[in-house]
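Student: What would the 3D arrangement of this be:
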Amino acid sequence: KEAIKLLSEDKFEEAYKVFPAYPDAYVHHCLSSASMKDINKQIEILEKGMGVCKDNIRIKDQFAKCLFQWDENTQTTYPYYGNNIKRSEKMFLEMAESKPGGEAAFYYLGLINAKYKQDYAQAVKYLKKVVEVNPTKWGEMWNFICQFIREYDDKN
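Tutor: Numbering: from 1, shown residues only. Have a look, this model is predicted:
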């Protein structure tokens, strides 16, 4: 109860000192406005959380999303399949394999395969898995699939 109270007051470090295996404290700390400005701070927080909460899906999911969002692209390297993207892809693959039905993992794997690897066939397979898990995503995923097919056709 004390850790929840501290978390609600944005006292993240105090919350996980009271209850070290409290995954939400690490995730919320990572998403705080102060932490959102620095990928290294986010990585530090989430690595600490993963060390305490072994293989926690919420922490791993947030970690993979942070790495995906903080890719190493610049105007001259876009789309660069760099270390952050590779690391996030590895985490998403682990989540997809360990938690079948992981909608977010399949979604991001689809984006990574299309945007960074230009493997549109694999991207489509992952996005179809999103629809299998959550049929309400049918329209959104098929919009992406059509976009990827157009990009493939334009390149070939």
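
Student: who touches the helix or strand residue 148 falls within?
Tutor: Residue 148 is part of helix 138-155, with elements assigned from DSSP states H and E. With contact meaning Cβ atoms under 8 Å, 6 or more residues apart in numbering, helix 138-155 is reached by 107, 110, 111, 114, 118, 120, 123, 124, 127, 128, 130, 131. In this view, the C-beta of every residue, glycine as well, is placed from N, C-alpha and C.

Student: Quick check: the second one vs residue 118, distance?
Tutor: Just to be clear, that refers to residue 110. 13 Å (Cβ to Cβ, to the nearest Å).

Student: Then residue 112?
Tutor: Noted for residue 112: a distance of 11 Å to residue 118, by Cβ to Cβ.

Student: more crowded one of these two?
Tutor: With neighbours defined as other Cβ atoms under 10 Å, residue 112 and residue 118 compare such that residue 112 has more, 24 against 15.

Student: chain center to stretch 105-117, what's the gap?
Tutor: Remark: stretch 105-117 is offset 11 Å from the chain centroid, using Cα atoms, centre = their mean, to the nearest Å.

Student: tally of neighbours for the closest residue to residue 116 other than its chain neighbours?
Tutor: Using Cβ to Cβ, 6 or more residues apart in numbering and skipping residues adjacent in sequence, the residue nearest residue 116 is residue 81, 4.2 Å away. Residue 81 has 17 neighbouring residues, counting by other Cβ under 10 Å.

Student: So which residue is dead centre in this protein?
Tutor: In the chain, the centroid-proximal residue (Cα atoms, centre = their mean) is residue 65; its distance is 2.3 Å.

Student: low-scoring pLDDT stretches of the chain, where are they?
Tutor: The chain contains residues with pLDDT under 70 at 71-79, 100-101.

Student: which parts of the helix or strand residue 14 falls within are buried?
Tutor: Element membership for residue 14, per DSSP H and E: helix 12-18. Going by neighbour count (16 or more other Cβ atoms under 10 Å), the buried part of helix 12-18 is 12, 15, 16, 18.

Student: now swap in stretch 83-92 and tell me
Tutor: Under the neighbour-count criterion of 16+ other Cβ under 10 Å, stretch 83-92 has 84, 85, 88, 89, 91, 92 buried.
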